[in-house]
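[1] Structure of the sequence below:
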Amino acid sequence: MGGTKRATESHSLRGPTDRPALIAIRDVFNTEEPLATAQLDDFLDPNTLEVSFDDGLCGAETARLDVQWTTRDDYKFHYTDPERVDLRWGNHPHGGDYARVNGFEHYHPPPDASSDPNAVEDSCITQLPELLVTRAVLMLWRVAYHADSLSPLNAGTNPP
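    Now for the predicted structure:
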C-alpha cells in the first residue's frame, strides 16, 4: 500500500453503516425540527441520511446536513448551504493529523470545513449515543440560526 491510501484510510469511518441509528436520527430531525425534512438515501441499504432545511444559517435560503453513522459509533454531520458555507462535526480516527484535536471527536470549522491540520478543532460534542449527538448538533444549529452567526456552532459545553 502506498502512503496516499494509508492517509485516506486513517480519516475513514470504521465499520458498516448503522441503519437503525440513521433511522433514529431521522426521527429526531423530523419530529423536533420544523425546518427540517430528513430521509435516507436508500431506505433498505442506506449510506447517508439527508436532512434538508427550509432555511439556512446567516442568510442562506436553504441548507442540507448529510449524516453518516457506523456500527462502531463513528460519525460525520456535514452542513452545507448555497452560500458556500460548509462545516462538519466528526467522530472517527484521523491518524493524529489534526494538531488541535485530542481524541476522535473533532470539528471542521466554516466557511469551508477545512481539513488543514491547524484548522480542525476538538468538538464540543463528546457524548454518545446517536440520539444525544443528534440533539447536540440540532441545538448548536438552532443557537447559530437564532444568533445569525456561525460562532456558536462549536461553542457548546458537554452536553451542548
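[2] Where do the helices of the protein begin and end?
    3-10, 19-32, 130-147 (DSSP state H).
[3] got a list of contacts for the longest one?
    By CB atoms under 8 Å, 6 or more residues apart in numbering, the residues outside helix 130-147 that reach it are 18, 21, 24-25, 28-29, 32-33, 55, 57-58, 65, 67, 69, 73, 75, 77, 79, 89, 91, 124-125, 127, 150-156, 159-160. Where C-beta positions appear, they are placed from N, C-alpha and C, glycine not excepted.
[4] Next: stretch 90-97.
    Taking CB under 8 Å, 6+ apart as the rule, stretch 90-97 contacts 7, 10-14, 73-77, 101, 104-108, 117, 120, 123, 125, 128, 133.
[5] What's the mean pLDDT across that stretch?
    Mean pLDDT, stretch 90-97: 89.
[6] Could you do stretch 132-146 as well?
    Mean predicted confidence for stretch 132-146 is 96.
[7] Buried ones in it, by neighbour count?
    Across stretch 132-146, burial judged by 16 or more other CB atoms under 10 Å covers 133, 134, 135, 136, 137, 138, 139, 140, 141, 143, 144, 145.
[8] Can you give the distance of it from its chain's centre?
    Centroid separation for stretch 132-146 versus its chain: 11 Å, with CA atoms, centre = their mean, to the nearest Å.
[9] same thing with stretch 15-26?
    The answer for stretch 15-26 is 14 Å, by CA atoms, centre = their mean.
[10] same question, stretch 100-110
    11 Å.
[11] could you give the mean pLDDT of it?
    93.
[12] Go ahead and name everything in contact with it.
    74, 85-94, 98, 114-115, 118-126, 150, 153-154.
[13] Pull out the buried residues from that stretch.
    By 16+ other CB under 10 Å, the buried positions in stretch 100-110 come out as 101, 104, 105, 106, 107, 108, 109, 110.
[14] how about those, which pair is most distant?
    104 and 110 (21.0 Å; CB to CB).
[15] Where does the prediction get shaky in the chain?
    By pLDDT under 70, the low-scoring segments of the chain are 1-10, 158-160.
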